[in-house]
Each structure stands twice: as C-alpha cells, then as structure tokens.
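K.L.:
how does the following fold in three dimensions:
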Amino acid sequence: MTNNPQPMGLDIEAIIEGATAREVTVPLCLAGALQGEYEALERQLMDAAATVGQSLAGSPRTQVAERMEALREEMTRHLVEFRFRALDPHAWSDILAAHPASTPDMLFDPGTLFPAVIAACSVDPVMTVEQYKRLATKMSAGQQNVLEQALWDLNNTAQQAVPFSLLASATAASRTGEK
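P.N.:
Residues are numbered from 1 along each chain as shown. Okay, the predicted model is just below:
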C-alpha cells in the first residue's frame with residue numbers, strides 16, 4: 001500500500017473572500033468645445049491633404065496639425081475617467097425588472113434603466129440618478145451611448161478568465177530585449 005498524499009482541494013471560503021465584482025473604467029472628454037474645434041480642424045486637414053504637390057513646410061496643413069496636437073494635450077486635461085462596478089446578478093435582475101418596457105418589442109425602458117444602472121454601478125465618482133441626469137444634459141448622445149454600452153457589457157458580458165493583449169505582450173517582450 002502506497003502512501004500518496006491527497007491533492008489539496010480549493011478552499012471555497014478563501015475564493016469567496018478574495019472574489020470581487022468586475023470593474024470598468026470609461027474615459028470621456030467632457031470639454032465639448034475643444035472636441036468641436038478638433039473635429040473642425042480635422043476636416044480642414046483632410047481638405048488641405050487633398051492639395052497635391054504642395055510643400056508641407058509652413059503649409060496650412062502643418063499649422064492645422066500643430067493646433068490639433070495642442071488641442072489633444074488640452075483635451076487630456078479635461079478627460080474624466082468614470083469607474084463602475086458590476087451589480088450582483090440578483091441586483092441586476094431587480095433593476096431590469098424595475099424599468100419595464102412600455103412596448104412589447106423592448107425588454108426594458110432604456111430612458112429610465114440606464115440612469116439607474118449608471119448610478120447603481122458608479123464607484124468613482126459616486127453619483128445619484130439625478131446627478132447623472134444633470135451630467136447627461138452636458139454630454140452628447142454618443143457619449144451617453146458609450147457609458148450605457150460599457151455598463152451593459154459590464155453587467156452582461158462574460159470576461160475572459162485571464163485577458164490577453166497581443167500589443168501588451170509584444171511591448172513587454174521588446175522591453176526585455178532592450179536590456
């Protein structure tokens with residue numbers, strides 16, 4: 001008779017203790033005037049790029065590109081990173097049930113659901129439904145959609161066990177080759 005030790009099992013209490021809800025960070029530039037100026041300059045640059053045979057040195061393209069880069073730097077100072085934490089499945093189910101659709105072709109009322117979800121999931125900054133509604137009046141529909149999609153995915157999409165980024169892996173590998 002051999003005396004083989006039994007493999008140690010997983011400790012479910014330790015797993016439960018160490019588990020945390022999934023989080024996501026959503027960066028948004030909330031300086032709308034800067035965004036508008038950048039987009040206008042981008043159109044100017046595209047128009048200027050259509051001019052064939054013109055030197056780039058001192059050209060309007062160079063001036064526009066330099067202003068765009070300055071705007072990008074300024075926009076980063078107005079970037080707000082919103083951090084959200086997923087709801088547990090029961091809370092998610094409850095919040096969906098609390099915002100029923102007004103028509104049979106929809107699963108929920110997006111006009112009431114998303115402000116409630118954003119407020120319920122907000123970690124930094126913490127916000128109420130009313131505060132989000134006030135913020136939303138200063139955001140574009142596209143920015144609101146970005147937040148709503150991020151919160152939908154946070155609460156409905158399975159994450160990989162351990163995510164992998166080819167870019168991060170290649171960058172880290174190239175750094176180790178530098179040494």
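
K.L.:
rest of the way, CA atoms for contacts and neighbours
P.N.:
Fine.

K.L.:
please, where are all the helices along this structure?
P.N.:
12-18, 32-49, 60-77, 89-97, 110-121, 129-136, 141-156, 166-178 (DSSP state H).

K.L.:
with respect to burial, which of the ones you listed scores highest?
P.N.:
Neighbour counts (mean count of other Cα atoms under 10 Å) averaged over each of the helices of the chain peak at helix 110-121, with a mean of 19.

K.L.:
run the chain-centre distance for it.
P.N.:
Between the centre of helix 110-121 and the centre of its host chain there is 16 Å, according to Cα atoms, centre = their mean, to the nearest Å.

K.L.:
between helix 89-97 and it, find me the angle.
P.N.:
150 degrees (axes from the mean of the first three to the mean of the last three Cα atoms, to 10 degrees).

K.L.:
rewinding a little: nearest to residue 103, out of the helices of the chain?
P.N.:
Across the helices of the chain, residue 103 has its closest neighbour in helix 110-121 (11.7 Å, Cα to Cα).

K.L.:
list of residues touching the closest one?
P.N.:
Under the contact criterion Cα atoms under 8 Å, 6 or more residues apart in numbering, helix 110-121 has outside partners 84-87, 95-96, 99, 126-129, 132-133, 147-148, 151.

K.L.:
coming back round to it: Throw the helices of the chain into JSON lines and include mean pLDDT and distance to residue 104, thanks.
P.N.:
Converted to JSON lines, those look like this (pLDDT from 0 to 100; distance: least, Cα to Cα, whole Å):
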{"stretch": "helix 12-18", "mean pLDDT": "92", "distance to residue 104": "39"}
{"stretch": "helix 32-49", "mean pLDDT": "86", "distance to residue 104": "37"}
{"stretch": "helix 60-77", "mean pLDDT": "89", "distance to residue 104": "42"}
{"stretch": "helix 89-97", "mean pLDDT": "96", "distance to residue 104": "14"}
{"stretch": "helix 110-121", "mean pLDDT": "96", "distance to residue 104": "14"}
{"stretch": "helix 129-136", "mean pLDDT": "97", "distance to residue 104": "25"}
{"stretch": "helix 141-156", "mean pLDDT": "95", "distance to residue 104": "20"}
{"stretch": "helix 166-178", "mean pLDDT": "77", "distance to residue 104": "43"}
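
K.L.:
need these in TSV with distance to residue 103, can you?
P.N.:
Putting the helices of the chain into TSV (distance: least, Cα to Cα, whole Å) gives the following:
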stretch	distance to residue 103
helix 12-18	40
helix 32-49	34
helix 60-77	40
helix 89-97	14
helix 110-121	12
helix 129-136	23
helix 141-156	20
helix 166-178	44
